[in-house]
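>>> A structural model of the following input is requested.
(chains A, B and C)
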Amino acid sequence: MPELPEVETVRRGLANGVVGRTLQATRVLHPRATRRHEPGPDAFAVGLDGRQIASIDRRGKFLWFTFADHGDALVAHLGMSGQFRILVDADGLDSHVRASWQLDDGRLLAFRDQRTFGWLLLSPWTTGQGGDIPTAVSHIGRDPFDPDFDSEGAARALAKSHASIKRGLLNQRHVSGIGNIYADEALWRAQVHPDTPASVLQAEGCRRVIAAATEVMTEALAVGGTSFDPLYVTVNGDLGWFARSLDAYGREGQPCRRCAAAIQRQRFTNRSSHFCATCQTLAED
DNA sequence: AGGGCAACCTGGGGGC
DNA sequence: TGCCCCCAGGTTGCCC
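A predicted model of the protein is given here:
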């Protein structure tokens, strides 16, 4: 479940379901799941067994488990298709489960990932302003749901770039958590063409785009995120309901809900941008 | 510096 | 039925 509202939905499910539990019998069922854990899958398992979960935390699309012993964090990225599922028995352990744990209350925790772009690793901590963060996440900027997110600062940083605003939103450095769906939705709401250079928008324009992204992601989180299919579900397997509220993403050829012109789809770096060419204006340098 | 693109994967859907 | 091509909520890195 890839973008911020979906990852936060997963975080909440894990926080409710596994905090206080102890991980046991770590199993790595696919080598790609721990490919970023340099010491390898065996060391990964040894590093987790017997550890009690203290909290589930998140920055942008990166999740991590903090343990009561204050040791290395378990960092997870869901990639394009990763899920965490809490199971009452082993019946749900299908062929897409890449790692699993026995919990000390008899239930199972499973990491499923059809496309295997997701990953798990154990990470030490880096100390920075505002506290500690796993080193594996320290290159990611704060997200708009972070109480310490500096919207003005992020807008100023974005506006220094001559790259397109869409590229700036997808870059996780200054603002994290925004992916292809919410970038397109934010730009539609702010009436900004995705190819507009961030520098042309200036800090004020970037601030308005960030505000639109925050607004749309807040609305999506309230209904459990966007699920086009059962690849994107909560820890209990429930779907999110925001897909029906999308204004731009996936609406190629359908009328703009603001001006009725047909929504366009344009290729953008091996993916797609969806926008209204009539009411999302493009300013040039 | 910024854009393009391939790499890493599995699987669904449409066209023929 | 099958095959082939395109598509997909991400990230990284390399090449011009």
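
>>> what residues does chain A put near DNA strand C?
With CB under 7 Å from any atom of the strand as the criterion, chain A meets DNA strand C at residues A:1-3, A:6, A:60-62, A:77, A:79-80, A:115, A:117, A:139, A:170, A:172, A:179-181, A:225-229, A:231-232, A:249, A:270-272. C-beta coordinates here come from the backbone N, C-alpha and C atoms, glycine included.

>>> ok, the residue positioned nearest the centre of chain A to A:Val7 distance?
In chain A, the centroid-proximal residue (CA atoms, centre = their mean) is A:Lys61; its distance is 2.7 Å. To A:Val7, A:Lys61 is 5 Å away according to CB to CB, to the nearest Å.

>>> and if you look at A:Thr218?
14 Å.

>>> Please identify the helix or strand for the residue lying closest to A:Ala186 once chain neighbours are set aside.
Spatial nearest neighbour of A:Ala186, excluding adjacent residues (CB to CB, 6 or more residues apart in numbering): A:Ala213 at 3.6 Å. Here A:Ala213, judged by DSSP states H and E, is contained in helix A:198-222.

>>> cool, and A:Ala157?
Element membership for A:Ala157, per DSSP H and E: helix A:151-159.

>>> now swap in A:Ile181 and tell me
Using DSSP H and E, A:Ile181 sits in helix A:180-190.

>>> quick one: contacts of that helix?
With contact meaning CB atoms under 8 Å, 6 or more residues apart in numbering, helix A:180-190 is reached by A:3-5, A:165-166, A:169-170, A:178, A:193-194, A:205, A:208-213, A:215-217, A:220, A:226, A:246-249, A:271-276, A:280.

>>> Give me the buried subset of these.
A:3-5, A:165-166, A:169-170, A:178, A:193-194, A:205, A:208-213, A:216-217, A:220, A:226, A:246-249, A:273-276, A:280 (16 or more other CB atoms under 10 Å).

>>> Identify the contacts common to A:Lys61 and A:Val7.
A:78, A:177.

>>> residue contacts, A:Arg59?
Counting by CB under 8 Å, 6+ apart, A:Arg59 touches A:133, A:137, A:140, A:142-143, A:146, A:176.
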